[in-house]
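Undergrad: Sequence first, then the predicted structure:
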Amino acid sequence: MLKKQNLIELLKTVVVVILLVALVCLCVVYMLSYQNMGQYGFTKDTMQMLGGESVKYQYADYFDASYVSPKLIGFSAKKLGENIGFYTLGGANADVYESILPFYEKLFSDAGRIFKLSPEEGEALFSSLLTGDYIYVVYENDLPRDLIYALSTEDVTVSVGDGEYIREVLLVPDRHLYNGVSLTPSGTQVFTAIHTFYAVARDSEGNYYRYTTDFVPSKPTDVSFNTNYYLTYTTTESYFSYALAGQSALDDYFLRYGFREKVTDTTVILQDSGGAVSQKTVSASRFFPNTGMTNGLLGALLMNPEKVTSFTDGAGVRFYYDEGRNLSVSPSGHLAYTAYGAGGLPLSELFEYPTASEAYDLSDYIGASLMLSRSLEAIAGTKDVYSLFLSGVYSDGKSVTVELGYAIDGMALYFDGFSDVLSLEFEDGTLKSVSYDLRTVTVLQDAQTNFDMLWDLRAVLIESNAKREYAYGYDFRADDTSSMATLIGRMP
């Protein structure tokens, strides 16, 4: 019996020794693994990056070129004495915009180089380039160059920085390389002169930039400036002929009423729309949300409809309060959400993923804006025939404001002179304010009537007292509920 007990004790001792050895081995392995953790990438930064990727996955589908598409793209044709252009806002004529994105990839990426020009140098260079061959691209408002590039290349990483803003871009030929042959979409061969290229851009504040690249095309299918590039699109139905005000011939009306002093040099004057640009009649009716819609809007902004405190003032404005957040709804259908102090809608709750606020970048704020805008539209039932586009992005170093607008057939809808319908302000990873007008947009009539640009412009210039930019769009003023495409005057 004693021998049996001794044997059991011996076995226990052996097992304990084995377990101790195993534990020591595990500790050594763990220490070695921890020592090499950086090699395998399991760091705090990596975990934050993975969290960020999870966040971006939720809005990646929203990020495409349509949200930052220009309002107009023009191709010069000096040899034929004609320019052709396209309205492209909100993703209209997407194939035209996509065809110039390879230029952006070479010029706006890290592979390109940027030079800041003085106002005098920039203005002189911009003006001289308008007399030659170019591709002219103009956006509705100033947008960060990094953002234009990122969304145009399906990259969803854009930092909030002090980079340059862009409103207009001229893509121009630089050094002639050789002559070649390219094919139009219809299969027609076109003889082309192949050049290297560069770009000159400016914002509405008068800042000028020149972008260059070391890339040299070796064959016609490479990214290269083709001096007959515009011929690719003469087979499409949606182009129009145009002239730029800075290069147009003057007539008696323009001379008499100060044409040069009242328009910008890149004001586009339609010469012939060919029936492709029609004067649609568009309705944009405002409305007050019903109880179900209001509860949905409150929920989308993380305000509990069952716990809010509400009252209506003498002007009929309805107010809702809930833990440092409030929402007001005016009889005209204007929604204003504001949050004070530490209140607001954390992006971590909107994205349903806990990411530190310092990890958020501009793309996250824009992604949140696009996601939230679609939620608000779905609840209010306002989505109909328009396209959503990014009408403005602003940062003061502390907060970021994102503005969104509506477009139909490549032309913006203006309300009291502004193209933004939804404005959202963010700060430190939190949504702090929202301004949103509830409107149902529909097309009442599609009349294929050509614009008489010169007649409209003459009439406007007679009344105008300041330099403005003129473009076609849908203009809603005061109590107007419908509008035809008309000439809009905006300050540059």
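TA: Right, received. Where do you want to start? Note that the structure is predicted; figures quoted are calculated from it, not measured.
Undergrad: where exactly do the strands run in the stretch 301-450 of the chain?
TA: 309-312, 318-322, 325-329, 334-339, 345-346, 387-395, 399-408, 411-415, 420-427, 430-437, 439-447 (DSSP state E, counting those that start in this stretch).
Undergrad: between these, which one is nearest to V169?
TA: Shortest distance between V169 and those, using CB to CB, is found for strand 387-395: 16.2 Å. Heads up, the C-betas are built off the backbone N, CA and C, glycines and all.
Undergrad: How about the closest one, which residues are buried there?
TA: The neighbour-count check on strand 387-395 (16 or more other CB atoms under 10 Å) flags 387-393, 395 as buried.
Undergrad: what's the closest of the strands of the stretch 301-450 of the chain to Q247?
TA: Of all these, strand 411-415 sits nearest to Q247, with 23.0 Å by CB to CB.
Undergrad: What is that closest one packed up against?
TA: strand 279-286, strand 399-408, strand 469-476 (3 or more CB pairs under 8 Å, 6 or more residues apart in numbering; DSSP states H and E).
Undergrad: Centre-most residue in this protein?
TA: V68 (3.0 Å; CA atoms, centre = their mean).
Undergrad: my guess is that one meets N141, correct?
TA: No. At 10.7 Å, V68 and N141 do not qualify as touching, with contact defined as CB atoms under 8 Å.
Undergrad: follow-up on the earlier one: any chance of the strands of the stretch 301-450 of the chain in TSV, with distance to E121 too?
TA: Formatted as TSV, those follow (distance: least, CB to CB, whole Å):
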stretch	distance to E121
strand 309-312	58
strand 318-322	53
strand 325-329	49
strand 334-339	44
strand 345-346	45
strand 387-395	27
strand 399-408	31
strand 411-415	31
strand 420-427	32
strand 430-437	39
strand 439-447	43
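Undergrad: what's the closest of the ones you listed to T264?
TA: Among the strands of the stretch 301-450 of the chain, strand 411-415 sits nearest to T264 (CB to CB), with 16.9 Å.
Undergrad: So what touches the closest one?
TA: Strand 411-415 is contacted from outside by 71, 87, 89, 140, 282, 284, 386, 389, 391, 405-407, 419, 421, 437, 439, 441, 471-476, 485, 488, using CB atoms under 8 Å, 6 or more residues apart in numbering.
Undergrad: picking up where we left off before, kindly state which of the helices and strands packed on strand 411-415 is positioned closest to S204.
TA: That would be, of those and by CB to CB, strand 469-476, which comes in at 9.1 Å.
Undergrad: partners of that closest one in the sheet?
TA: Strand pairing for strand 469-476, determined by DSSP bridges: strand 411-415 (parallel), strand 482-490 (antiparallel).
Undergrad: The first one to strand 387-395, inter-axis angle?
TA: Note on geometry: by axes from the mean of the first three to the mean of the last three CA atoms, to 10 degrees, strand 411-415 and strand 387-395 are set 70 degrees apart in direction.
Undergrad: where are the low-confidence patches of the stretch 151-300 of the chain?
TA: 154-162, 183-186, 230-231, 234-237, 249-251, 271-278 (pLDDT under 70).
Undergrad: just the helices in it please.
TA: Taking DSSP state H, counting those that start in this stretch as the test, the helices found in the stretch 151-300 of the chain are 252-256, 259-262, 291-300.
Undergrad: Deepest in the core, which of those helices is it.
TA: Mean neighbours per residue, mean count of other CB atoms under 10 Å, is largest over the helices of the stretch 151-300 of the chain for helix 291-300, with a mean of 17.
Undergrad: mind saving the C-alpha coords of that one as PDB?
TA: C-alpha atoms of helix 291-300 as PDB (Å, rounded to 0.1, in the frame of the first residue of the first chain):
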ATOM      1  CA  THR A 291     -45.500  62.600 -37.200                       C
ATOM      2  CA  GLY A 292     -44.100  59.300 -38.600                       C
ATOM      3  CA  MET A 293     -41.500  61.200 -40.700                       C
ATOM      4  CA  THR A 294     -40.500  63.400 -37.700                       C
ATOM      5  CA  ASN A 295     -40.000  60.400 -35.500                       C
ATOM      6  CA  GLY A 296     -37.900  58.800 -38.100                       C
ATOM      7  CA  LEU A 297     -35.800  61.900 -38.500                       C
ATOM      8  CA  LEU A 298     -35.300  62.100 -34.800                       C
ATOM      9  CA  GLY A 299     -34.200  58.500 -34.700                       C
ATOM     10  CA  ALA A 300     -31.700  59.000 -37.500                       C
END
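Undergrad: Check which helices and strands it sits against.
TA: Against helix 291-300 (3+ CB pairs under 8 Å, 6+ apart) you get strand 318-322, strand 325-329, helix 362-380.
Undergrad: Repeat the analysis, applying 10 Å as the threshold.
TA: Contacting helix 291-300 under the criterion 3 or more CB pairs under 10 Å, 6 or more residues apart in numbering; DSSP states H and E are the following elements: strand 318-322, strand 325-329, strand 334-339, helix 362-380, strand 430-437.
Undergrad: So which residues make contact with that helix?
TA: Residues outside helix 291-300 that contact it (CB atoms under 10 Å, 6 or more residues apart in numbering) are 287-290, 303-308, 310, 318, 320, 322, 325, 327, 329, 335, 337, 345, 350, 372, 375-376, 378-382, 434, 436, 438.
Undergrad: Going by neighbour count, which of the residues you listed are buried?
TA: Judged by 16+ other CB under 10 Å, buried ones among those: 287, 289, 303, 305, 308, 318, 320, 322, 325, 327, 329, 335, 337, 345, 350, 372, 375-376, 379-380, 382, 434, 436, 438.
Undergrad: Okay, now the sheet partners of the longest strand along the chain, with direction.
TA: In the chain, assigned by DSSP state E, the strand with the most residues is strand 165-183. Strands adjacent to strand 165-183 in the sheet, as given by DSSP bridges, are strand 135-144 (antiparallel), strand 189-202 (antiparallel).
Undergrad: ok now the last one, how far from the chain's centre?
TA: Its chain's C-alpha centre lies 25 Å from the corresponding centre of strand 189-202 when counted by CA atoms, centre = their mean, to the nearest Å.
Undergrad: residues of it that come out buried?
TA: So for strand 189-202, counting by 16+ other CB under 10 Å, buried means 190, 192-202.
Undergrad: Show me what counts as buried in stretch 461-479.
TA: 461, 464, 468-476.
Undergrad: Phi, psi for the closest residue to L151 other than its chain neighbours please.
TA: Using CB to CB, 6 or more residues apart in numbering and skipping the chain neighbours, the partner closest in space to L151 is V68 (4.7 Å). Dihedral angles of V68 (phi, psi; degrees, to the nearest 10) stand at phi -120, psi 20.
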